[in-house]
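Participant: what follows is a predicted protein model with its sequence.
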Amino acid sequence: MVSRPVIVIAGLACETSTFTPSRTLAPAFHPRRGKEVIDEYAFLHPRTPLGDAAEWHGALIGHALPGGMVMRDAFEEWAGEIVGRLRDVLAKTAVHGLWFDIHGAMCVEGLDDAEVELLRRIRAVMGPNVIVSASCDLHGNVSKDLAHELDLLTCYRTAPHEDELETKERACRNLLDLLHRSCGVAWEPVRPFKAWIPVPILLPGEQTSTRIEPAKSLYDTVPEVEAEPGVIDAAIWVGYPWADEPRNRGAVVVTGWDEATVAAGAERLAKRFWDSHQDFKFVAPTGSFAKCIDTALASPLHPFFISDSGDNPTAGGSGDVTWGLMKLLARPEFQDSAGPRVIYASVPGPQAVQKMVQAGVGATVTVTAGAEVDHIHAGPITMTGRVYAIKHGDKDAVIEAVLQVGSVFAILTQLRKPYHHERDFTDLNLNPRGTDIVIVKIGYLEPELFDIAADWLLALTPGGVDQDIKRLGHRRIHRPMWPFDTTFPEPPDLTARMIPSSNKPLLPGPDP
């Protein structure tokens, strides 16, 4: 009898825009191996319920900052190492389960469904009897093939993603529960029913935030379905709109032991999703960049946050579009150091940062930054200002330097970095709470910034993750698709597709 099942952890994650010229290379994944993988997740540590319930082996996980297309050689390098490490584990012990730690929106050069390709390579090594459970971002994409290759799958239920670790722990707990069902006198895998429904909706996360309706009520329905007798898990993916692959769209998956209940639960969620398709709105008031600045200047509320959303690096933007900073510095209100105090985060400029480091804090320098990757929307920006602060050793930016130009404090970085936390600013001797306007390359405000902001606006700015998704030029997504199409010849088919177990063939046919 198998007393403690053996579970391996592997996966690659990168939210990938195909509309940005940047490319994601192998080092961006910052891989963790072996014990490093276990150390990453406190719920798997020894003397925790999950940690002690199984024998966990870390193969390799790699989580890259969202960005442009993953280069094929990078994928092959890490996929090859994952397969090699799985072979090493299998040479020492039988393996019963795999936690597939992914995002769900990784685009790889020359591949259409990268997570499926990786999982097929893993299954080719581990065999058909290993049970696989995946955790995903709700902005991922679930194709029919991915639903087939997996035995269990779940995703976040909040956006912003305050339940990331909770979701990953749920994926592992569901896997362990399923393995315990399978551990008899001999190892005999037991697999649940899976209902998959594609939903012809593809919207930015900024229009599907669970902070507001209708997404709030939609996702409140998920645990209700999950609580039905015979259901293991229920999940809704809103999809990822800044990539152009056939799998990009909304999806619902429900898993469980009672086929009728599983199918009914999936159809309930899919109908609720579709019935709301015209109600999704931006999570905050929107406007042009100029209008947002005008509003912030006129407001008595400070700090006033503005999202420079088109180049958001945590949605896949290159991060080095200079358009917003150029427009900001051209405003007469900020020409003098006594003007309204503004923080702008951020623009990469490795040579500019090095020049500022050499000059030192307090020096006046002229530097050029940005547009090394994405020069479609604006060219490099040249600025003269005072070096206000320098910080070394950031895990993403490596070196950060603040240049004061008039009353604007522009953060320049050696490598691109998202600014989500108060300490990201205070570590640079900047006080966002005491600043008039804070402009961040972001979509919806992450929780800490949301709590700090006295008010905020979402600026509809250009970039690789443009919020006006209709002007990006999708060619390969399924049509009709809301909001690209506002009329449908007939209502979408929201009946449950029962996906066979991973050890049974998927019947050929279109992925509608």
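Facilitator: Nice, I can see it.
Participant: so this structure: which segments form each domain?
Facilitator: Following automatic domain parsing, the chain resolves into domains at 6-281+494-499, 286-466.
Participant: include distance to residue 481, mean neighbour count and mean pLDDT when you put the ones you listed into a markdown table, please.
Facilitator: No exception for glycine: its C-beta is placed from N, CA and C like everyone else's. Formatted as a markdown table, these follow (distance: least, C-beta to C-beta, whole Å; neighbours: other C-beta atoms under 10 Å; pLDDT from 0 to 100):
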| stretch | distance to residue 481 | mean neighbour count | mean pLDDT |
| --- | --- | --- | --- |
| domain 6-281+494-499 | 5 | 20 | 96 |
| domain 286-466 | 17 | 20 | 97 |
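Participant: redo these as CSV? Include distance to residue 488.
Facilitator: Formatted as CSV, the domains of the chain follow (distance: least, C-beta to C-beta, whole Å):
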stretch, distance to residue 488
domain 6-281+494-499, 8
domain 286-466, 24
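Participant: for the ones you listed, which one sits closest to residue 483?
Facilitator: Nearest to residue 483, of all the domains of the chain, is domain 6-281+494-499, at 6.9 Å by C-beta to C-beta.
Participant: quick one, strands of the stretch 301-450 of the chain?
Facilitator: Under the criterion DSSP state E, counting those that start in this stretch, strands of the stretch 301-450 of the chain are mapped to 304-308, 342-348, 364-369, 381-394, 398-405, 408-413, 437-440.
Participant: residue 234 bridge partners, please.
Facilitator: residue 254 (DSSP bridges).
Participant: hmm, it is touching residue 219, no?
Facilitator: No - using C-beta atoms under 8 Å as the test, residue 234 is too far from residue 219 to be in contact (10.2 Å).
Participant: on that earlier part again, can you list the strands of the stretch 301-450 of the chain in a markdown table and add distance to residue 429?
Facilitator: Shown next, in a markdown table, are the strands of the stretch 301-450 of the chain (distance: least, C-beta to C-beta, whole Å):
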| stretch | distance to residue 429 |
| --- | --- |
| strand 304-308 | 19 |
| strand 342-348 | 11 |
| strand 364-369 | 18 |
| strand 381-394 | 5 |
| strand 398-405 | 8 |
| strand 408-413 | 9 |
| strand 437-440 | 15 |
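Participant: so which of these is nearest residue 469?
Facilitator: Ranking the strands of the stretch 301-450 of the chain by proximity to residue 469 (C-beta to C-beta) places strand 304-308 first, at 15.9 Å.
Participant: re earlier: who wins for proximity to residue 29 among the strands of the stretch 301-450 of the chain?
Facilitator: Once the strands of the stretch 301-450 of the chain are compared by C-beta to C-beta, strand 398-405 is nearest, at 16.4 Å.
Participant: how far does that closest one sit from its chain's centre?
Facilitator: Per C-alpha atoms, centre = their mean, to the nearest Å, the displacement of strand 398-405 from the mean C-alpha position of its chain is 27 Å.
Participant: how about the domains of the chain, which one is nearest residue 479?
Facilitator: Nearest of the domains of the chain (C-beta to C-beta): domain 6-281+494-499, 8.2 Å.
Participant: and residue 506, which of the domains of the chain is closest to it?
Facilitator: Here domain 6-281+494-499 is closest among the domains of the chain (C-beta to C-beta), at 4.4 Å.
Participant: straight-line length of that closest one, end to end?
Facilitator: 26 Å (C-alpha to C-alpha, to the nearest Å).
Participant: coming back round to it: joint contacts of residue 234 and residue 219?
Facilitator: Residues touching both residue 234 and residue 219 (C-beta atoms under 8 Å, 6 or more residues apart in numbering): none.
Participant: give me phi/psi at the residue nearest to residue 152 when sequence neighbours are not counted?
Facilitator: In space, and not counting its chain neighbours, residue 152 is closest to residue 133: 3.9 Å by C-beta to C-beta, 6 or more residues apart in numbering. As for residue 133, its main-chain torsions (degrees, to the nearest 10) stand at phi -120, psi 130.
Participant: out of the strands of the stretch 301-450 of the chain, which is closest to residue 495?
Facilitator: Closest to residue 495 of these is strand 304-308 (C-beta to C-beta; 38.4 Å).
Participant: for that closest one, packing partners?
Facilitator: Applying 3 or more C-beta pairs under 8 Å, 6 or more residues apart in numbering; DSSP states H and E, we find strand 304-308 packed against helix 289-298, strand 437-440, strand 455-459.
Participant: residues in contact with residue 16?
Facilitator: Per C-beta under 8 Å, 6+ apart, neighbours of residue 16: 24, 66-70, 105-108, 243, 316.
Participant: now, those that are in helices?
Facilitator: Within the contacts of residue 16, no residue falls in helices by DSSP state H.
Participant: which of the strands of the stretch 301-450 of the chain sits closest to residue 229?
Facilitator: From these, taking C-beta to C-beta, the stretch that ends up closest is strand 304-308, at 43.1 Å.
Participant: tilt between that closest one and strand 342-348?
Facilitator: Going by axes from the mean of the first three to the mean of the last three C-alpha atoms, to 10 degrees, strand 304-308 is angled at 20 degrees with respect to strand 342-348.
Participant: now find how far off-centre strand 304-308 is within its chain.
Facilitator: Distance, stretch centre to chain centre, for strand 304-308: 20 Å (C-alpha atoms, centre = their mean).
Participant: same check, this time on stretch 44-62
Facilitator: Mean-position distance between stretch 44-62 and its chain equals 24 Å (C-alpha atoms, centre = their mean).
Participant: determine how far the last residue of that stretch lies from the first.
Facilitator: Per C-alpha to C-alpha, the first residue of stretch 44-62 is 18 Å away from its last.
Participant: contact partners of that stretch?
Facilitator: 4-13, 29-40, 42-43, 78, 81-82, 85-86, 89, 93, 95, 97, 101, 169, 172-173, 176, 179.
Participant: wait, isn't residue 241 in contact with residue 201?
Facilitator: No - at 9.7 Å, residue 241 does not count as touching residue 201 under the criterion of C-beta under 8 Å.
Participant: overlap in contacts of these two?
Facilitator: Contact criterion C-beta under 8 Å, 6+ apart; no residue bridges residue 241 and residue 201 by contacting each.
Participant: does residue 398 really touch residue 414, like I thought?
Facilitator: Yes - using C-beta under 8 Å, residue 398 makes contact with residue 414 at a distance of 4.3 Å.
Participant: could I get stretch 249-257 in PDB with only the CA atoms?
Facilitator: Extracted in PDB, the C-alpha atoms of stretch 249-257 (Å, rounded to 0.1, in the frame of the first residue of the first chain):
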ATOM      1  CA  ARG A 249     -10.700  33.500 -24.600                       C
ATOM      2  CA  GLY A 250     -12.700  32.900 -21.500                       C
ATOM      3  CA  ALA A 251     -13.300  29.400 -20.200                       C
ATOM      4  CA  VAL A 252     -15.000  27.500 -17.400                       C
ATOM      5  CA  VAL A 253     -13.800  24.100 -16.000                       C
ATOM      6  CA  VAL A 254     -15.500  22.100 -13.200                       C
ATOM      7  CA  THR A 255     -14.200  18.800 -11.900                       C
ATOM      8  CA  GLY A 256     -15.800  16.200  -9.700                       C
ATOM      9  CA  TRP A 257     -17.200  12.800  -9.100                       C
END
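Participant: who's in contact with residue 452?
Facilitator: 303, 305, 422, 432-433.
Participant: that one and residue 444, how far apart?
Facilitator: 14 Å (C-beta to C-beta, to the nearest Å).
Participant: looking at the contacts of residue 16, which are in strands?
Facilitator: Per DSSP state E, strands hold the following members of those: 24, 67-70.
Participant: just send the residues you listed back as a markdown table, with distance to residue 353 too.
Facilitator: Converted to a markdown table, the ones in strands among the contacts of residue 16 look like this (distance: C-beta to C-beta, whole Å):
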| residue | distance to residue 353 |
| --- | --- |
| 24 | 22 |
| 67 | 19 |
| 68 | 22 |
| 69 | 26 |
| 70 | 26 |
